[in-house]
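Chemist: Provided below for reference: sequence and predicted model.
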Amino acid sequence: MNRQQPSPMPSHRYRDIFAKVPVAPADRTWPDRRITTAPLWVPVDLRDGNQALAEPMDPARKQAFFELMVAIGYKEIEVGYPSASQTDFDFVRLLATSDLVPDDVTIVVFTPARADLIERTVESVAGMRGDVVIHMYAATAPTWRDVVLRRSRDELASMIYAGSEEILRLAGDSVRFQFSPEVYNLTEPDYVLELADHLTKQWDATADRPVIMNLPATVEVATPNVYADQIEYMHQNLPRRDGVILSVHPHNDRGTGIACAELAVLAGAQRVEGCIFGNGERTGNVDIATLALNLHAQGVDPMVDFSDIDRIRSVVEHCTRMPIHPRHPYVGELVYTAFSGTHQDAIRKGFAVQGDGFWDVPYLPIDPADVGRGYEAVVRVNSQSGKGGIAHVLESVYGVRLSPEQEREFARHVQRRTDETGREASAEELKALYEEVYGCSN
């Protein structure tokens, strides 16, 4: 059946995740669960997304992006890495000394587990209104320990505990705490549990003042079901679980960051970090706009507002200086557009019978109007289009109704024209051709 030939690529140089790190068996329940409520979304565009830009955001772009995230409805926002640059430090100070942060929005700042950088981070949030989370991280996976940090498990644990003690000493009750064992998905599970036990005890994790344990797939290395198993194992075994918010931070190296996040929520994750439209290092962070609208398309309130998605897109493109792909889910220019004749015919018929009840139009998983899009671009005509799509454009734009015979005849004229030009025919061009063929202006 399969006549594919062996590839010349050196696949033998790579190992799967099971050869790299123990994957603890979970008492797997996630395959039978459904997502019925939105997790806590935490955009990291101003930190993780910003550090991945060829031209990092200047203060004006950072402020515009922050104000956009507040307007969308995000209630917890990671705003920077204040010990990494003066620009980041100054932006956090702007938030601390202005009225830009609503009372119900939690600010998160990011720091390595190093005393001097922790001190600078705590200094940056002095006087901040409302909740503040200090997010400490350390790379815990064996390759990072051995090659990058050159520390043993015990040495790295001592460094992490010294950092957590420093945050507690400098900030105390004025902040909440978060820890990320970077590259969690390639770290031994017993080591993560050991760190979690110490930190949740040291930081006095309770249901009233929970500690955030954030488990990043910093580099995506396995199929999404493996990450779900890894998250469910922690969900079932974390010490002081009722005092822990279980968070995930998937990247997209394998192109399955969305699936990893969705399965992680099924597996017990309560909080998802990512970037709006998926910016980030290499192939990006998980796209939390797509995740939210995936919930919307399943009848679950995403608890954030993308009803004016083109305005959001415009701000994001301005702030990041990066265009969004026309096929990007939900926001891309072409994602609600059909060129194929069979698709156009089905959409036209679906619109004809769609009432005020449940949305059920073929090929359109959501109503484009939900995100502020009109219907004029749903059907566009090129050489692949059929008579139904052509008739739909004339009728919806100009009120011109073709008889069944005219639909068939006019489609042949359009086919010849688009074959000759090799490009799309606009509504105006279709109207002009109609008038040319039928000698009328209506």
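Modeler: Arrived safely, thanks for sending. Numbering: from 1, shown residues only.

Chemist: what packs against the worst-scoring helix or strand of the chain on mean pLDDT?
Modeler: Sorting the helices and strands of the chain by mean pLDDT, DSSP states H and E puts helix 387-398 at the bottom, at a mean of 82. Applying 3 or more C-beta pairs under 8 Å, 6 or more residues apart in numbering; DSSP states H and E, we find helix 387-398 packed against helix 341-353, helix 404-421, helix 427-438. Just so you know, the C-beta spots here come from the backbone N, C-alpha and C atoms, and that holds for glycine as well.

Chemist: tell me which element residue 94 is part of?
Modeler: Here residue 94, judged by DSSP states H and E, is contained in helix 86-96.

Chemist: Return the list of helices and strands in contact with that helix.
Modeler: helix 59-72, strand 76-80, strand 106-112, helix 115-124.

Chemist: buried sites along it?
Modeler: Neighbour counts over helix 86-96 (16 or more other C-beta atoms under 10 Å) mark 87-89, 91-96 as buried.

Chemist: And it, how far out from the chain middle?
Modeler: From the chain centre to the centre of helix 86-96 is a distance of 25 Å (C-alpha atoms, centre = their mean, to the nearest Å).

Chemist: Contacts made by that helix with the rest, please.
Modeler: Helix 86-96 is contacted by residues 46-47, 56, 58-59, 62-63, 66, 79-83, 100-101, 107, 109, 120, 124-129 when judged by C-beta atoms under 8 Å, 6 or more residues apart in numbering.

Chemist: Render the CA-only coordinates of that helix in PDB, please.
Modeler: What follows is helix 86-96, C-alpha atoms only, in PDB (Å, rounded to 0.1, in the frame of the first residue of the first chain):
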ATOM      1  CA  GLN A  86      16.100  49.100  31.400                       C
ATOM      2  CA  THR A  87      13.200  49.300  29.000                       C
ATOM      3  CA  ASP A  88      11.400  46.400  30.700                       C
ATOM      4  CA  PHE A  89      12.200  47.800  34.200                       C
ATOM      5  CA  ASP A  90      10.900  51.300  33.200                       C
ATOM      6  CA  PHE A  91       7.700  49.800  31.700                       C
ATOM      7  CA  VAL A  92       6.900  48.000  34.900                       C
ATOM      8  CA  ARG A  93       7.600  51.100  36.900                       C
ATOM      9  CA  LEU A  94       5.100  53.000  34.600                       C
ATOM     10  CA  LEU A  95       2.500  50.500  35.500                       C
ATOM     11  CA  ALA A  96       3.300  50.800  39.200                       C
END
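
Chemist: Provide the angle between the direction of that helix and the direction of strand 76-80.
Modeler: Computed by axes from the mean of the first three to the mean of the last three C-alpha atoms, to 10 degrees, the angle separating helix 86-96 from strand 76-80 equals 140 degrees.

Chemist: avg pLDDT for helix 86-96?
Modeler: Mean per-residue pLDDT for helix 86-96: 97.

Chemist: try stretch 333-349
Modeler: 87.

Chemist: could you list every residue that touches the residue positioned nearest the centre of the chain?
Modeler: Closest to where the C-alpha atoms of the chain average out (C-alpha atoms, centre = their mean) is residue 287, at 1.4 Å. By C-beta under 8 Å, 6+ apart, residue 287 lies in contact with 252, 257-258, 274-278, 329.

Chemist: now for the helices and strands packed on helix 86-96, which one comes closest to residue 145?
Modeler: For the helices and strands packed on helix 86-96, proximity to residue 145 was assessed by C-beta to C-beta; strand 106-112 is nearest, at 14.4 Å.

Chemist: send the alpha carbons of the closest one over as CSV?
Modeler: The C-alpha trace of strand 106-112 is given here as CSV (Å, rounded to 0.1, in the frame of the first residue of the first chain):
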residue,chain,number,x,y,z
THR,A,106,-3.0,40.9,38.3
ILE,A,107,0.5,41.9,37.1
VAL,A,108,3.1,39.1,36.6
VAL,A,109,6.9,39.8,36.4
PHE,A,110,9.5,37.3,35.4
THR,A,111,12.9,36.5,37.0
PRO,A,112,15.6,33.9,37.1
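
Chemist: please renumber so the chain begins at 273
Modeler: With the count now opening at 273, the last piece we talked about shows up as strand 378-384.

Chemist: other SSEs contacting that strand?
Modeler: Counting by 3+ C-beta pairs under 8 Å, 6+ apart, strand 378-384 packs on strand 348-352, helix 358-368, helix 387-396, strand 404-411.

Chemist: In a markdown table, list these along with distance to residue 653.
Modeler: A markdown table is the format used below for the helices and strands packed on strand 378-384 (distance: least, C-beta to C-beta, whole Å):
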| stretch | distance to residue 653 |
| --- | --- |
| strand 348-352 | 43 |
| helix 358-368 | 47 |
| helix 387-396 | 55 |
| strand 404-411 | 50 |
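
Chemist: Out of the ones you listed, which gets nearest to residue 635?
Modeler: Nearest to residue 635, of these and by C-beta to C-beta, is strand 348-352 at 35.1 Å.

Chemist: Just want the angle from the helix holding residue 366 to helix 331-344.
Modeler: 40 degrees.

Chemist: Pull out the buried members of the contacts of helix 358-368.
Modeler: 318-319, 328, 334-335, 338, 351-355, 373, 379, 381, 396-397, 400-401.

Chemist: mind listing what the closest residue to residue 568 other than its chain neighbours touches?
Modeler: Sequence neighbours aside, residue 574 is the residue nearest to residue 568 in space, at 5.1 Å (criterion: C-beta to C-beta, 6 or more residues apart in numbering). Applying C-beta under 8 Å, 6+ apart, we find residue 574 in contact with 310, 563-565, 567-568.
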